[in-house]
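In: any chance you can model this:
(one chain, ligands or ions: 3)
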Amino acid sequence: MTNQTEALPRHVAIIMDGNGRWARKRGLPRVAGHKVGMERAREITEAAGKRGVKALTLFAFSSENWQRPEDEVSYLMDLFVTGLEREAKALHKNNVRLRVIGDRSRFSAKLQQRMLEAEAMTADNTALNLNIAANYGGRWDIVQAVSQHLQNNPGISQVSEQDISDRVQLHDEPPLDLLIRTGGEIRISNFLLWQAAYAELYFSDVLWPDFHPEELDKALAAYAQRQRRYGKTGEQVTGESAQGDA
Ligand code: IPE
Ligand code: IPE
Ligand code: MG
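Out: Ligands and ions are numbered 1, 2, ... in the order given. Predicted structure coming up:
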């Protein structure tokens, strides 16, 4: 039997999907769902920390989300700025280290500044590592890792897996154990393509604004039941001999 700490994922990532549908179901504008979604992110961060998760990575805005209507994008940008201003202190008080992953160059100077400030303030915290993926794309991540490597090693003609692993976002975090997607869609939507190679996947029909800590607990319970084989046989993993083995 696996013990409690083995059964608890060290690193959890969440595709927080379903805000727009949550709002539309209530006859509200889509952005009302983003507002409640932000509160849920706060609640789930706190719950993850309490459960003993070491790293939590939340997909807040994808590199494809710029294609949304202009007013929705600008609402989300404002929400990031006010959210960072409001939440940074609380995160710091709770000993949470905040980092933003993704290509920040497209954000406003003000938003980039808030990101840097929040990161600097919380840099030495140790209870939970919270990573917010903003203007993040899994393909971008792999390309930036390769580009970095080529820049540092001009003239090379080969790149190894380790070279990429060392340079993708989150390379200094524990490996991704559990990837959750809320909102009912069964896809990755260009999230952590490299990092999710051996993550356990968990899909929930619950829309993100309704994803309260008891839903996180369901995901953690499902994870605890999984057997991670990494290409080996089940018997190799448990140390039992397979039936019929010599
Ligand atoms: C996820 O919720 C939040 C972002 C992508 C910013 P959606 O806004 O995608 O909600 P649905 O999928 O339209 O319901
Ligand atoms: C993924 O959700 C991105 C985030 C949750 C930030 P989307 O709503 O953008 O994904 P698709 O378009 O349904 O694949
Ligand atoms: Mg969506």
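In: what residues does the protein have near ligand 2?
Out: Within reach of ligand 2 by C-beta under 6 Å from any ligand atom, the chain has these residues: 15-17, 59-62, 65, 185, 187, 189. Backbone N, C-alpha and C define where each C-beta goes, glycine included.
In: just the buried residues out of the residues you listed, in PyMOL syntax.
Out: The PyMOL selection below is limited to those of the residues of the chain next to ligand 2 classed as buried (16 or more other C-beta atoms under 10 Å):
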select buried, resi 15+16+17+59+60+61+62+65
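In: for this structure, which segments are assigned as helices?
Out: Secondary structure of the chain (DSSP state H): helices at 4-7, 19-25, 30-51, 70-93, 109-122, 138-152, 161-165, 213-224, 234-238.
In: looking at stretch 14-31 now, give me its mean pLDDT.
Out: Average pLDDT, stretch 14-31: 98.
In: how far off centre is that stretch?
Out: 19 Å (C-alpha atoms, centre = their mean, to the nearest Å).
In: circling back to that earlier point, quick one: the helices of the chain as TSV, columns for mean neighbour count too.
Out: TSV is the format used below for the helices of the chain (neighbours: other C-beta atoms under 10 Å):
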stretch	mean neighbour count
helix 4-7	10
helix 19-25	19
helix 30-51	19
helix 70-93	16
helix 109-122	15
helix 138-152	15
helix 161-165	13
helix 213-224	16
helix 234-238	12
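In: around ligand 1, pick out the residues from this protein.
Out: 16-21, 61, 65, 76, 183.
In: determine which two of those residues are furthest apart.
Out: Pairwise distances among the residues of the chain next to ligand 1 were taken by C-beta to C-beta; the largest, 17.3 Å, belongs to Arg21 and Phe61.
In: picking that back up, which one of the residues of the chain next to ligand 2 is nearest to Ala41?
Out: Among the residues of the chain next to ligand 2, Met16 lies closest to Ala41 (C-beta to C-beta), at 6.5 Å.
In: quick one, phi psi at that closest one?
Out: phi -80, psi 90 (degrees, to the nearest 10).
In: how many neighbouring residues does the spatially closest residue to it that is not a sequence neighbour have?
Out: Of all residues not flanking Met16 in the chain, Trp208 sits nearest, at 4.4 Å (C-beta to C-beta, 6 or more residues apart in numbering). Residues near Trp208, counting by other C-beta atoms under 10 Å, number 28.
In: quick one: Trp208 and Met38 touch, right?
Out: No. Counting by C-beta atoms under 8 Å, Met38 is not a contact partner of Trp208; they are 10.0 Å apart.
In: which ones are touching the residue nearest to Ala145 when sequence neighbours are not counted?
Out: The shortest distance from Ala145 to any non-neighbouring residue, by C-beta to C-beta, 6+ apart, is to Arg167 (3.7 Å). Arg167 makes contacts with 144-146, 148-149, as judged by C-beta atoms under 8 Å, 6 or more residues apart in numbering.
In: do that again at 7 Å, thanks
Out: The contact partners of Arg167, by C-beta atoms under 7 Å, 6 or more residues apart in numbering, come to 145, 148-149.
In: need the phi and psi values for Ala123.
Out: Torsion angles, degrees, to the nearest 10, at Ala123: phi -50, psi -30.
In: per-residue pLDDT, Gly83?
Out: 96.
In: correction: Gln169
Out: Value listed for Gln169 in the pLDDT field: 98.
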